[in-house]
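Undergrad: One predicted model, sequence on top.
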Amino acid sequence: MPTTRDKTVVYPGQALYDVEETVVVLRLSRRYLYEQIRSGRLRSVKAGRARRVPASAIAEYVALLEREGQSV
């Protein structure tokens with residue numbers, strides 16, 4: 001994945017993100033991202049031995065955070 005000074009270039013229409021790309025997109029730590037996956041708050045899939053996060057799961061996670069933020 002090409003980078004531009006610590007910014008990951010996201011390809012339009014990209015369906016699956018690896019963990020490192022998801023960390024950059026959501027601006028979370030790797031450890032916190034895995035906690036969110038384990039707790040079921042962020043969906044992921046296995047592709048062979050690799051863990052991938054669908055683009056739709058990222059959008060759902062952001063929507064969940066927005067809903068939680070509105071209830072505060």
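TA: That came through fine. Residues are numbered from 1 along each chain as shown.

Undergrad: Roughly how far does R51 sit from R38?
TA: For R51, the distance to R38 (CB to CB, to the nearest Å) stands at 11 Å. C-beta: built from backbone N, CA, C; applies to glycine.

Undergrad: The two: which is more packed in?
TA: Under the neighbour definition other CB atoms under 10 Å, R51 and R38 were set side by side, and R51 has more, 16 against 10.

Undergrad: shaky segments in the chain?
TA: Applying pLDDT under 70 to the chain flags residues 1-12, 72.

Undergrad: ranges for the strands of it?
TA: Remark: strands assigned in the chain by DSSP state E are 3-4, 7-8, 16-18, 45-47, 50-54.

Undergrad: Any chance of TSV for those strands, columns distance to V25?
TA: Compiled in TSV, the strands of the chain are given as follows (distance: least, CB to CB, whole Å):
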stretch	distance to V25
strand 3-4	13
strand 7-8	7
strand 16-18	6
strand 45-47	16
strand 50-54	9
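
Undergrad: and of those, who's closest to Y34?
TA: Closest approach to Y34 among those (CB to CB): strand 50-54, 8.5 Å.

Undergrad: in its sheet, what does that closest one sit against?
TA: Each strand paired with strand 50-54, and its direction, by DSSP bridges: strand 16-18 (antiparallel), strand 45-47 (antiparallel).
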